[in-house]
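Engineer: I would like the atomic coordinates for the input below:
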Amino acid sequence: METLIKNIKKLMTEQEITQEQLAEMMHTSQSNVSLMLSGKNEDIYYSTLFKLAKIFDVKVKELLE
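Structural biologist: Residues are numbered from 1 along each chain as shown. Just a heads-up that it's a prediction; the model follows:
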């Protein structure tokens, strides 16, 4: 989980995407994105991983490694 969060934050920085923008792209609230990035929401579904991979134009595997 820590690796996933670190990779998401890194990609957000590299692509200059804010939490608010990511939430919009994921069709969720900014508070849900904040919970995910703080590690407080440990229930990240496969569908969420696929959405993130598509948004950042990476493979799911790259998010997890």
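
Engineer: can you give me the helices in the chain?
Structural biologist: 2-14, 19-26, 30-38, 46-56, 60-64 (DSSP state H).

Engineer: so can I have a markdown table of those helices showing mean pLDDT and mean neighbour count?
Structural biologist: Backbone N, C-alpha and C define where each C-beta goes, glycine included. Conversion of the helices of the chain to a markdown table gives the following (pLDDT from 0 to 100; neighbours: other CB atoms under 10 Å):
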| stretch | mean pLDDT | mean neighbour count |
| --- | --- | --- |
| helix 2-14 | 96 | 14 |
| helix 19-26 | 97 | 16 |
| helix 30-38 | 94 | 16 |
| helix 46-56 | 95 | 15 |
| helix 60-64 | 96 | 13 |
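
Engineer: Now tell me what touches stretch 8-17 from outside.
Structural biologist: When contacts are defined by CB atoms under 8 Å, 6 or more residues apart in numbering, stretch 8-17 is touched by residues 18-19, 22, 25, 36-37, 52, 55-56, 58, 63.

Engineer: so which of those residues comes closest to residue 7?
Structural biologist: residue 63 (5.2 Å; CB to CB).

Engineer: Can you tell me how far the closest one is from residue 40?
Structural biologist: Computed as CB to CB, to the nearest Å, the residue 63 to residue 40 distance reads 18 Å.

Engineer: for residue 16, same thing?
Structural biologist: 25 Å.

Engineer: just residue 64 next, same as before
Structural biologist: 19 Å.

Engineer: What of residue 1?
Structural biologist: 11 Å.

Engineer: I appreciate the help and will end here.
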